[in-house]
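>>> Below: sequence and its predicted model.
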Amino acid sequence: MRKIKHKIKERKLTLFFPPFNNYEVCVITSNQKERSAEKIFDRHQIEHDTDGFGAIHIWCNRENRPISYMVFPEDASVGTITHECWHCIKKMFSWIGSDYEDEIVAYHLDYLVQEVFDFIHQK
């Protein structure tokens with residue numbers, strides 16, 4: 001019996017962080033988050049294991065142009081969003097070689113979580 005593959009339904013939001021050399025963040029919601037993540041891994045030739053995740057942060061550096069992808073289910077909770085946004089902010093600060101100064105990290109994390117939450121849960 002042949003397995004039927006359903007069409008991937010994705011929505012995308014791209015954000016840039018000018019103070020961090022326009023660090024790019026691509027937020028993806030998907031009805032098939034594993035397949036959406038597979039596409040990113042394949043496009044950037046990243047070795048991976050996508051078995052059993054609730055959401056995922058994927059980082060790559062294309063010609064010194066870093067990008068963080070975050071792939072979420074369509075109904076991601078605020079906890080899941082915050083978890084992946086933390087990985088993204090941590091990588092962003094690490095990429096520029098910055099220390100993790102509490103207030104600066106908090107402001108960037110707050111901004112990113114709000115943007116992602118509003119995008120995922122928009123009416």
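Structure's in. What do you need? Numbers count the residues shown, from 1 in each chain.
>>> quick one: the helices in this protein?
33-43, 78-96, 102-120 (DSSP state H).
>>> Tell me which of the ones you listed lies nearest to Phe20.
Nearest to Phe20, of all those, is helix 78-96, at 5.5 Å by Cβ to Cβ. (Each C-beta comes from the backbone N, C-alpha and C, glycine too.)
>>> coming back round to it: how about JSON lines for the helices of the chain, with mean pLDDT, mean neighbour count and distance to Leu15 added?
Formatted as JSON lines, those follow (pLDDT from 0 to 100; neighbours: other Cβ atoms under 10 Å; distance: least, Cβ to Cβ, whole Å):
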{"stretch": "helix 33-43", "mean pLDDT": "88", "mean neighbour count": "17", "distance to Leu15": "16"}
{"stretch": "helix 78-96", "mean pLDDT": "94", "mean neighbour count": "18", "distance to Leu15": "10"}
{"stretch": "helix 102-120", "mean pLDDT": "95", "mean neighbour count": "15", "distance to Leu15": "6"}
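>>> Which one, of those, ends up nearest to Ala55?
helix 78-96 (4.9 Å).
>>> quick one: contacts of the closest one?
Contact with helix 78-96 is made by 17, 20-21, 23, 25, 54-57, 59, 61, 66, 68, 70, 72-73, 99-100, 105, 108-109, 112-113, 116-117, 120, as judged by Cβ atoms under 8 Å, 6 or more residues apart in numbering.
>>> hmm, try it at 6 Å
Residues outside helix 78-96 that contact it (Cβ atoms under 6 Å, 6 or more residues apart in numbering): 20, 23, 25, 54-55, 57, 59, 66, 68, 70, 100, 108-109, 112-113, 116-117.
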